[in-house]
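# need a 3D model of the sequence below.
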Amino acid sequence: MFPIPTEHENRPEFDENYILNATRQDDDKTLPRLKVAAYIRVSTDLQDQENSYAVQEQYFQQIIESNPLWKLVGIYSDYGISGTSKEKRVGFCRLIRHCQEGKIDRILCKSISRFARNTADFSSALFLLRNCQVTIFFEKENLDSAELKNEFILSVLGAFAQEESRSISSNIMEGNKMRNSQGDVRNVKLYGYRFSGNWICNETGYKYREVEVVEEEARVVQFVFQKVADDQSYSEIARWLNQQKIPAPYNDYKRKRILHSRKGQLYSQLDAGWNSGQISRMVRNERYVGDVLTPKKYTINYLTHEVKANKGQLPQYYIKNHHTPIIDRTLYEEVHAVLRQKSLKKIKHNKNETNPFSKRLICSECGRFYCMATRNDHLVWYCPSTRKTNGLQICHAKSFTEEEITYIVKKAARKLLKNAVPRLEKVLNDDYVERDRSTYKGQLADIDKAIDADLEEIEHIKAACLNNKTMNASEIARQKQTILDLRKKLRKNKREYKSISAKLDHLENYWEELEPDFELRAKALQWLQSLPQGRTRTRKFLLGATDMYFKALFLDITIHSKSKYTIHWFDDVYTKVILRNTGGNITHA
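Numbering: from 1, shown residues only. Prediction:
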């Protein structure tokens with residue numbers, strides 16, 4: 001049970017009106033209450049973790065709401081994310097920022113390892129919370145930062161949490177190294193093979209799933225290797241396979257894209273078919289000759305989970321004759337001789353990830369993010385689906401210069417300038433996604449209960465009608481009408497449930513996009529407030545607006561054609577931009 005704060009606790013000043021407005025409650029106005037939040041994190045997306053997430057959320061909400069001295073600010077959460085680094089934890093970053101803004105007085109968390117497994121992040125967070133006069137209670141360790149004697153213990157336990165992560169990572173690496181050195185490597189899902197349903201046990205006692213060759217797919221693999229050996233280009237091979245309507249491999253990336261579509265990915269209903277990337281990966285895969293090279297990748301830092309290709313940094317093991325081959329060794333060696341020749345001619349280009357338009361320009365035809373290239377000393381943005389290397393032509397989007405994109409944003413931003421300051425202030429001040437999420441989830445829970453009750457009532461009426469042999473015709477008709485009314489109500493509730501779920505998904509996706517540029521948006525607000533009023537304001541804005549300020553003002557731009565665009569601004573408002581020969585006409589969606 002969480003300890004109830006006493007009147008002697010060192011609390012910050014309270015803004016009673018703010019508390020009441022933020023939580024939408026008007027009861028008990030005589031006693032200022034602590035603004036309490038909870039933080040939840042689960043590190044995978046498995047079903048049992050999902051259940052744990054929901055249980056924790058319900059548990060913390062009940063704990064906070066049942067305490068008369070507390071006001072619920074919100075349940076902050078990160079789902080399916082590791083705790084070793086705060087960089088990708090949007091919920092954690094929002095929690096810390098709201099503490100700095102004075103919106104939270106106290107935090108509840110299940111354990112130190114749920115809060116952070118990085119000593120630096122944990123220590124800096126504790127220091128920041130102390131300076132903000134925010135206390136945090138860890139249930140598992142039964143430690144409260146409100147008690148000075150616990151600060152040293154918390155720091156030590158934070159170090160233990162990081163050491164636990166390091167130890168787990170080290171044990172996994174050592175275990176993999178031992179298995180690899182003995183040739184104990186599992187089979188994987190791969191085009192041309194399928195799992196037979198049998199298990200193999202080798203001399204060391206290691207068990208792994210057996211694979212068998214899929215003849216139809218194996219012929220495609222053999223065809224690809226032979227064409228590459230004949231020095232045919234990847235794009236030509238991909239184009240021929242698509243023309244023959246041969247299905248492309250259904251890999252993990254494609255499966256995830258269809259099940260969980262994300263912004264910037266190819267639309268789930270589109271099929272990219274075969275492409276040069278698939279051909280390249282296929283002919284470089286030693287598993288097609290029956291061998292295995294491992295490990296091909298390694299984790300640079302257990303805190304950041306950054307993975308890189310293993311190019312000699314760790315010992316590699318080559319296991320021959322691990323499984324049934326599809327390609328004979330002679331053809332495999334011929335192909336790799338061709339690849340070595342091609343690699344000598346290849347020029348590597350550095351990727352620029354700092355451009356403010358990166359992952360902000362969306363193709364309306366296929367849904368993918370535009371990519372950047374340098375042509376004739378000019379930055380050009382193009383849709384990757386239009387490249388000839390894709391084999392299957394699924395997109396016809398035009399390319400744009402950096403100057404054209406900047407011009408589009410400036411034309412639209414002139415309209416935004418009139419009320420940009422109040423719009424920015426509203427977004428920066430009214431970011432209560434946790435409160436709104438809780439409201440939506442409460443509505444969904446109520447609808448869910450109503451649906452279950454109606455279904456139960458329908459079954460009850462059906463059973464009563466079947467068991468009552470003496471029921472007359474008018475009574476049967478009345479019961480049928482009741483069932484029809486209940487089904488009508490069910491359909492209405494299901495539509496409402498779907499609508500609220502869509503709103504909740506949109507809210508969470510929107511705030512996840514909004515949070516990373518919060519500080520940049522605050523700087524943009526200060527700059528806009530400093531601009532002079534009157535006729536010179538627009539000119540000063542256009543002259544002083546840098547690409548980074550534009551990044552703060554818009555979330556993405558959907559490109560429909562050379563003359564039509566849709567800009568998604570920071571406050572979830574969309575502007576349609578139509579450029580004409582006269583210089584551009586802008587309309588708001």
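
# going by C-alpha atoms from here, please, whenever you check contacts or count neighbours.
Fine.

# is Tyr208 in a helix, a strand, or coil?
strand (DSSP: H, G, I helix; E, B strand; the rest coil).

# what bridges to it?
Assessed by DSSP bridges, Tyr208 has beta-bridge partners Ile200.

# go on, the one 4 residues further on?
With beta bridges defined as DSSP bridges, Glu212 has these partners: Arg194.

# show the pLDDT at it.
As predicted, Glu212 sits at a pLDDT of 93.

# for it, give its distance to Ser196.
Glu212 sits 6 Å away from Ser196 when distances are taken as C-alpha to C-alpha, to the nearest Å.

# neighbour count winner among those two?
Ranked by neighbour count (other C-alpha atoms under 10 Å), Glu212 and Ser196 place Glu212 first, with 15 against 11.

# OK, contacts around that one?
Residues in contact with Glu212, defined by C-alpha atoms under 8 Å, 6 or more residues apart in numbering, are 193-196, 324.

# just Lys540 next, same as before
531-532.

# can you tell me the element it falls in?
helix 536-544 (DSSP states H and E).

# in a helix, Ile104, correct?
No: under the criterion used here (three-state DSSP), Ile104 is coil, not part of a helix.

# ok, and the closest non-adjacent residue to it?
Lys35 (5.1 Å; C-alpha to C-alpha, 6 or more residues apart in numbering).

# if I look at Asn334, how far off is Thr299?
Residue 334: Glu, not Asn. 32 Å.

# show me where the stretch 101-250 of the chain has strands.
106-109, 135-138, 143-144, 193-201, 207-213 (DSSP state E, counting those that start in this stretch).

# and the fourth one, what's buried?
Going by neighbour count (16 or more other C-alpha atoms under 10 Å), the buried part of strand 193-201 is 193-195.

# now render those as JSON lines, adding distance to Tyr234.
Shown next, in JSON lines, are the buried residues of strand 193-201 (distance: C-alpha to C-alpha, whole Å):
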{"residue": "Tyr193", "distance to Tyr234": "22"}
{"residue": "Arg194", "distance to Tyr234": "25"}
{"residue": "Phe195", "distance to Tyr234": "28"}
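
# rebuild those residues as CSV, extending it with pLDDT and distance to Arg219.
Formatted as CSV, the buried residues of strand 193-201 follow (pLDDT from 0 to 100; distance: C-alpha to C-alpha, whole Å):
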residue, pLDDT, distance to Arg219
Tyr193, 93, 12
Arg194, 91, 14
Phe195, 90, 18
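
# which single one of those is nearest to Ile246?
Tyr193 (16.2 Å; C-alpha to C-alpha).

# and for the closest residue to the closest one other than its chain neighbours, the neighbour number?
Excluding its sequence neighbours, the residue lying closest to Tyr193 (C-alpha to C-alpha, 6+ apart) is Val213, at 4.6 Å. When neighbours are counted by other C-alpha under 10 Å, Val213 registers 17.

# in which helix or strand does the residue most central in space within the chain reside?
Nearest to the geometric centre of the chain sits Arg262, at 7.6 Å (C-alpha atoms, centre = their mean). Under the criterion DSSP H and E, no helix or strand holds Arg262.

# and if you look at Lys489?
Going by DSSP H and E, Lys489 is part of helix 473-514.

# which elements pack onto that helix?
helix 433-467 (3 or more C-alpha pairs under 8 Å, 6 or more residues apart in numbering; DSSP states H and E).

# relative to the whole chain's centre, how far out is the helix it packs on?
Its chain's C-alpha centre and that of helix 433-467 lie 30 Å apart, by C-alpha atoms, centre = their mean, to the nearest Å.

# what comes up buried for that helix?
433-438, 440, 443-444, 447, 451, 454, 458, 465.

# pick the one among the residues you listed closest to Ser123.
Glu434 (25.0 Å).

# please name the residues that touch the closest one.
Contact analysis of Glu434 by C-alpha under 8 Å, 6+ apart lists 73-76.

# same check on Lys103?
35, 73.
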